[in-house]
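[1] attaching a predicted model along with its sequence, questions to come.
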Amino acid sequence: LDVIAPFLSNSRIVEEQELEAAPYVLLGKHGNLIVGAGELVYGRGTAVIEASYGVFRKSRVYTDPDSGEFLGIEARAIATGKATDQQGEIVTVSIAKSSEEIRQGDRLLEQEDREINTTFFPTNPEAEIRGKIIAVLDGVNQIGQYDVVTINRGTREGMKEGTVLAVHSKGEHVRAP
């Protein structure tokens, strides 16, 4: 776990309804539209007071490249904070940590307890899993060791903590002279 912890992301893949139903950022305490760590933001929607929230920005839409099936929307993690007050539909969130500026329209999702079993072991899947890389964290085109990728396979195909997959790349087409 110590080796992979720096590569874990708080970003999520969610259904569009979950993102649309979540409270959204209106503006900062001083009327500013861009906010960072140590500041208060006002949002519209219902929140649980004293609960931890993540601030997320709608990002890529994921579809299966083979079937065209909608897989979800990436909710990219921007910041974390705590809901401190609720007055009608207006919620106040104290921002504790941010990786980039918070903007009007970003969504507030309650923090998930993402427990990672510290005793997991890298293992082969129980059955053959064939999938495709559909995105690379931070949007690079090439991948290498320690890069984080999103694939078009999940728990319904047998993926679980510790599942190890090989990455193969198609070679070039070669014509005989």
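    Here it is on my side, so go on. Numbers count the residues shown, from 1 in each chain.
[2] C-alpha from now on. contacts and neighbour counts both.
    OK.
[3] packing partners for the helix-or-strand element of the chain with minimal mean pLDDT?
    Using mean pLDDT, DSSP states H and E, strand 34-35 stands out as the lowest-scoring helix or strand of the chain, at a mean of 73. With contacts defined as 3 or more Cα pairs under 8 Å, 6 or more residues apart in numbering; DSSP states H and E, strand 34-35 has these neighbours: strand 24-28, strand 102-103.
[4] please convert these to a markdown table, extending it with distance to Lys82 and mean pLDDT.
    A markdown table is the format used below for the helices and strands packed on strand 34-35 (distance: least, Cα to Cα, whole Å; pLDDT from 0 to 100):
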| stretch | distance to Lys82 | mean pLDDT |
| --- | --- | --- |
| strand 24-28 | 13 | 87 |
| strand 102-103 | 14 | 88 |
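[5] for Ile134, what are its contacts?
    If a contact means Cα atoms under 8 Å, 6 or more residues apart in numbering, then Ile134 has Tyr62, Asp64, Pro65, Val149, Thr150, Ile151, Asn152 as its contacts.
[6] helices of the chain, start to end?
    Taking DSSP state H as the test, the helices found in the chain are 16-21.
[7] what about the strands in it?
    Remark: strands assigned in the chain by DSSP state E are 12-14, 24-28, 34-35, 40-44, 52-63, 70-87, 90-98, 102-103, 107-110, 133-136, 149-151.
[8] and those strands, which one is worst for confidence?
    Among the strands of the chain, strand 34-35 has the lowest mean pLDDT, at a mean of 73.
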